[in-house]
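In: Predicted model and sequence follow; I will ask about them next.
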Amino acid sequence: MELFLHQLLAGIATGGIYACMALAVVMIYQSIDHFNFAQGEMAMFSTYIAWQLLAWGWPYWGAFAATVALSFIGGVVIERTLFKPIRNAPVLSHIVVFIAMFSILNSVAGFTWEYTIKSFPSPFPSEPLFGNRLISAHDLGMIGITVVLLVLLYVLFRHTRLGLAMRAAAANPESARLVGIRVGWMVALGWGLAAAIGAIAGMMIAPIVFLEPNMMLGILLYGLAGAVVGGLTSPVGAVIGGFAVGIVENLAGTFIPVIGKELKLTIALVLIVAVLMIKPSGLFGRTAVSRV
Amino acid sequence: MSAHLAVRGLRAYYGQTRALHGLDLDLAEGGITALLGANGAGKTTVLRAICGMIRSEGEILLDGKAIGGIAVEDVVRLGVAHVPEGRGTFVRLTVEENLGLGAMIRRDRAEVARDIERVYAHFPLLKERRRQQAGTLSGGEQQMLAVGRALMLRPRVMLLDEPSFGLAPRMVAEVFEILKAVNRSDRVSVLLVEQNATLALAFADRAYLIETGRIVMSGSTAEIGADENVRRAYLGY
């Protein structure tokens, strides 16, 4: 029972990170209808920036805040320079740019900071909190940060004019323009937010998976699985899906002997394929209906 | 009456295809002008060209200032509200959010709140459904919402694209009555595109007849309505 609870809580903790990645992917998917393959590499790159700042002697939370801010700006700049010009280009052009971005970020990170694995500090104490051994302080902190982030995003999208404008721009760009919303900037803002969310996810997961240029590959796959399970058109669904994937991954890895540690990533892929076969719109996504 | 919105030699394109071939049009300040024509004549294209949704050439003057080539978002900021074909409802957002979006560019929060109440006073049905997703409204209710959303801008010019489309006759009468009231009280100049010529001629004070991208006739609605050819082709008697 204790093992079960332990794995469940650990699943929720990593699930929060998947939820963040899923949310980042969904935010961009909703505004440009394409899946950003490079989301994980963007997060990885952000994490290296944080590492660099820490290496220069910045305090943890200072580096954290600066990284989030820089990532936001980076996301906006990427949209304005790379994706705005190809807005109406075919899917394939987008995919090529995503792949290019993926390999450029990956190589530049490797070139600048070397491919050797680095440890990344956790801002949370290493002893278990309150003497309980069910969950590590870092896992607990990770859940806390994720929850705060999700609440902030919820408030932004549900209770501010900017959030309303962003939702309107994603849902119906033409009508949004007709009420005066600058849709292009809303898309750029979405990219900035996605990059910032990814940066937080990267910095939170790095102490667990260690910092190296390929660290986000698996995480993004889990995030994608979460997004697909929840439905690529539903931010709330993506978050729930992310948590679900984290829990399933941890429990299956522990309690189904065949799967173990080695086959855990397979679960994500099986989930993606299964959901796409049975319910392509995901659990919370809406089915595309077109009136003729 | 001075022309609030004047269009001179308007040509508009969908890709390489020219859909309007040099079109002149005047919108009187505070007046209601109807644009009549058959399906595919270019009525919707005129509205889309005026508010910068499609590429166009020629002059578009608002209060004598050229607005051709300006982005839609900025034309809206000049007080031009467009109620598009198909109503442009944000179906996943609530009724109230839809109305709020109409006032997105305004900063006077208190006034916006009052205007929402004013729209609710015009369309009590919308108030009942304020927390409902707009996509769950009937066609007529969505049309009311579209008009309400346009009013939230406090527009000086309203471009209406077939507001009667798909509505029950009773709904049509209601929507047009409110449009007329707003036209009078706020001195909003209205450009109305309609297939229902009888309705448009009763509602407007001037009308243009458009055929394959060209204006073929213009005048007061009385003149147009009395014309033999118009009666035969558009009014059906």
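Out: Received it, and whenever you're ready, just let me know what you need. Numbering: from 1, shown residues only, chains lettered A, B, ... in the order given.

In: helix or strand for residue 200, which one?
Out: No chain specified, so I'll use chain A. Taking DSSP states H and E as the criterion, residue A:200 maps to helix A:183-209.

In: ah, no, chain B please
Out: Here residue B:200 is assigned to helix B:197-203, by DSSP H and E.

In: what's the average pLDDT for that helix?
Out: Averaging pLDDT along helix B:197-203 gives 90.

In: Tell me how far the nearest residue to residue B:136 once chain neighbours are set aside lies from chain A.
Out: Spatially, and ignoring its direct neighbours in sequence, residue B:136 is nearest to residue B:129 (7.8 Å; C-beta to C-beta, 6 or more residues apart in numbering or on different chains). The C-beta positions use only the backbone N, C-alpha and C, and glycine is treated the same way. Noted for residue B:129: a distance of 18 Å to chain A, by C-beta to the nearest C-beta, to the nearest Å.

In: Please report how far residue B:129 lies from residue B:98.
Out: The gap separating residue B:129 from residue B:98 is 11 Å, by C-beta to C-beta, to the nearest Å.

In: related to what we said a few turns ago, show residues contacting the helix holding residue B:200.
Out: With contacts defined as C-beta atoms under 8 Å, 6 or more residues apart in numbering or on different chains, helix B:197-203 is touched by B:32, B:34, B:36, B:164, B:172, B:176, B:179-180, B:192, B:194, B:207, B:221, B:224-225, B:230, B:234-235.

In: List the contacts of the nearest residue to residue A:36 once chain neighbours are set aside.
Out: Computed as C-beta to C-beta, 6+ apart, the closest residue to residue A:36 that is not its neighbour in sequence is residue A:28, at 4.7 Å. Contact analysis of residue A:28 by C-beta under 8 Å, 6+ apart lists A:34, A:35, A:36, A:39, A:190, A:191, A:194.

In: Can the helix or strand just after the helix holding residue A:200 be said to contact chain B?
Out: Using DSSP H and E, the helix or strand that directly follows helix A:183-209 along the chain is helix A:216-230. No. Taking C-beta under 8 Å from any C-beta of the partner chain as the criterion, helix A:216-230 and chain B are apart, separated by no less than 15.9 Å.

In: Please identify the buried residues of the helix or strand following helix A:216-230?
Out: Once the chain leaves helix A:216-230, the next helix or strand it forms, by DSSP H and E, is helix A:235-255. The neighbour-count criterion (16 or more other C-beta atoms under 10 Å in any protein chain shown) identifies A:235, A:237-254 as the buried residues of helix A:235-255.

In: which strands and helices sit next to helix A:235-255?
Out: Packed against helix A:235-255 by the contact rule (3 or more C-beta pairs under 8 Å, 6 or more residues apart in numbering or on different chains; DSSP states H and E) you find helix A:2-32, helix A:137-159, helix A:216-230, helix A:264-278.

In: Could you tell me the least trusted of these?
Out: Looking at the helices and strands packed on helix A:235-255, the weakest mean confidence is helix A:264-278, a mean of 86.

In: Give me the contacts around it.
Out: Contacts of helix A:264-278 (C-beta under 8 Å, 6+ apart): A:218, A:221-222, A:224-225, A:228-229, A:245, A:248-249, A:252-253, A:259, A:282-283.

In: With stretch B:7-25 instead?
Out: Taking C-beta under 8 Å, 6+ apart as the rule, stretch B:7-25 contacts B:5-6, B:26, B:33, B:35, B:42, B:45-46, B:48-50, B:54-61, B:208, B:210, B:212-215.

In: Next step: these restricted to strands.
Out: Residues of the contacts of stretch B:7-25 located in strands (DSSP state E): B:5-6, B:26, B:33, B:35, B:56-61, B:208, B:210, B:214-215.

In: Please name the nearest non-neighbouring residue to residue 156.
Out: As the question left the chain open, I've gone with chain A. Closest residue in space to residue A:156, ignoring its immediate chain neighbours: residue A:163 at 4.5 Å, by C-beta to C-beta, 6+ apart.

In: The chain in question should be chain B.
Out: Leaving out its chain neighbours, residue B:156 is closest to residue B:79 (C-beta to C-beta, 6+ apart), at 3.8 Å.

In: how near is the one you found to residue A:176?
Out: Distance, residue B:79 to residue A:176, by C-beta to C-beta: 18 Å.

In: Need the residue closest to the centroid of chain B.
Out: What sits nearest the mean C-alpha location of chain B, by C-alpha atoms, centre = their mean, is residue B:160, with 1.5 Å.

In: Pretty sure that residue sits against residue B:193.
Out: Yes. Using C-beta atoms under 8 Å, residue B:160 is in contact with residue B:193, at 6.6 Å.

In: Name the next helix or strand downstream of the lengthiest helix in chain B, please.
Out: Scanning chain B for the longest helix, with DSSP state H as the assignment, gives helix B:169-186. Per DSSP H and E, helix B:169-186 leads on to strand B:189-194 as the next helix or strand towards the C-terminus.

In: Point out the residues in chain B that sit beside chain A.
Out: Counting by C-beta under 8 Å from any C-beta, the residues of chain B close to chain A are B:51, B:53, B:71-73, B:76-77, B:81-82, B:84, B:88-93, B:97, B:100-102, B:104-105, B:149, B:153.

In: Mind checking which of those are in strands?
Out: Among these, the members falling in strands (DSSP E) are B:81, B:82.

In: ChimeraX command for the buried members of the residues of chain B next to chain A?
Out: Remark: buried members of those, expressed as a ChimeraX selection using 16+ other C-beta under 10 Å:
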select /B:51,53,72,73,76,81,82,84,88,89,90,91,92,93,97,100,101,102,104,105,149,153
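
In: tell me the contacts of residue 218?
Out: All of this is about chain A. Contacts of residue A:218 by C-beta under 8 Å, 6+ apart are A:209, A:265, A:268.

In: look at chain B instead
Out: Contacts of residue B:218 (C-beta under 8 Å, 6+ apart): B:206, B:207, B:208, B:209, B:224.

In: Swap in 6 Å and give it another go.
Out: Contacts for residue B:218 (C-beta atoms under 6 Å, 6 or more residues apart in numbering or on different chains) come out as residue B:208.

In: Let me know the pLDDT of it.
Out: Looking at residue B:218, the pLDDT reads 91.

In: Could you list the low-pLDDT ranges of chain B?
Out: Residues of chain B meeting the criterion pLDDT under 70: B:1-2, B:237.

In: One more: the stretch 101-250 of chain A?
Out: Scanning the stretch 101-250 of chain A residue by residue, the ranges that satisfy pLDDT under 70 are A:129-132.

In: Up against chain B, what does it have?
Out: The stretch 101-250 of chain A comes close to chain B at residues A:164, A:165, A:168, A:171, A:172, A:175, A:177, A:178, A:179, A:180, A:181, A:182, as judged by C-beta under 6 Å from any C-beta of the partner chain.

In: how about these in TSV, adding neighbour count and secondary structure?
Out: Shown next, in TSV, are these (neighbours: other C-beta atoms under 10 Å in any protein chain shown; DSSP: H, G, I helix; E, B strand; the rest coil):
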residue	neighbour count	secondary structure
A:164	21	helix
A:165	23	helix
A:168	25	helix
A:171	17	helix
A:172	21	coil
A:175	24	helix
A:177	25	helix
A:178	28	helix
A:179	28	coil
A:180	23	coil
A:181	24	coil
A:182	19	coil
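
In: Closest to residue A:47 out of those?
Out: When those are compared for distance to residue A:47 (C-beta to C-beta), residue A:165 wins out at 30.3 Å.
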